[in-house]
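Enquirer: Turn this into a structure:
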Amino acid sequence: MKHWKVDWLHDFQEEPTRLYSEIDDTGYEVRKIQHYRDGRQLKADAFHETGEIGLSEIPMGNIEDVAAQPEFAAHVIDEEEFEQAWRDAVWSTPHAAGPARSN
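Expert: Numbering: from 1, shown residues only. From the prediction side, this is the model:
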């Protein structure tokens, strides 16, 4: 597994500003956390997705490609940092963000 932390540098009030991803050996996200300006920290996995947060449906690619984009600051992190962020986050509620997707 790989673990990424990506800061998204933007002015959109409703979009996340920090993303954490746990990525399997095939390049797909298996868990994700999104931090928002208002303090929310939401998490998702294959069994818990909503219209507000879900896993990427395509492979993640290379972190170097993400980091090369000016709107992102991307870093590989260790599993411990990811797990702490996971523990701090909560599940998104489907009634607040729409129905959960099925995979």
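
Enquirer: any low-confidence regions in the protein?
Expert: 95-103 (pLDDT under 70).

Enquirer: Can you give me the buried ones in the longest helix seen in it?
Expert: As assigned by DSSP state H, the longest helix anywhere in the chain is helix 79-88. Residues of helix 79-88 classed as buried by neighbour count (16 or more other Cβ atoms under 10 Å): 82, 85-86. C-betas here are computed from N, CA, C, even on glycine.

Enquirer: any residues touching the very next helix or strand once past it, and which ones?
Expert: Sequence order places strand 90-91 as the next helix or strand after helix 79-88, per DSSP states H and E. The contact list for strand 90-91 (Cβ atoms under 8 Å, 6 or more residues apart in numbering) reads 40-44, 48.

Enquirer: mind listing which of those are in strands?
Expert: 41-44 (DSSP state E).

Enquirer: quick one on the thing from earlier: which of the contacts of strand 90-91 has the most neighbours?
Expert: Most neighbours among the contacts of strand 90-91, by other Cβ atoms under 10 Å: residue 44, with 23 neighbours.

Enquirer: Quick check: closest non-adjacent residue to it.
Expert: residue 53 (4.5 Å; Cβ to Cβ, 6 or more residues apart in numbering).

Enquirer: would residue 58 count as being in a strand?
Expert: No: counting by DSSP: H, G, I helix; E, B strand; the rest coil, residue 58 is not part of a strand but coil.

Enquirer: so how many other residues sit close to it?
Expert: Residue 58 has 8 nearby residues by other Cβ under 10 Å.
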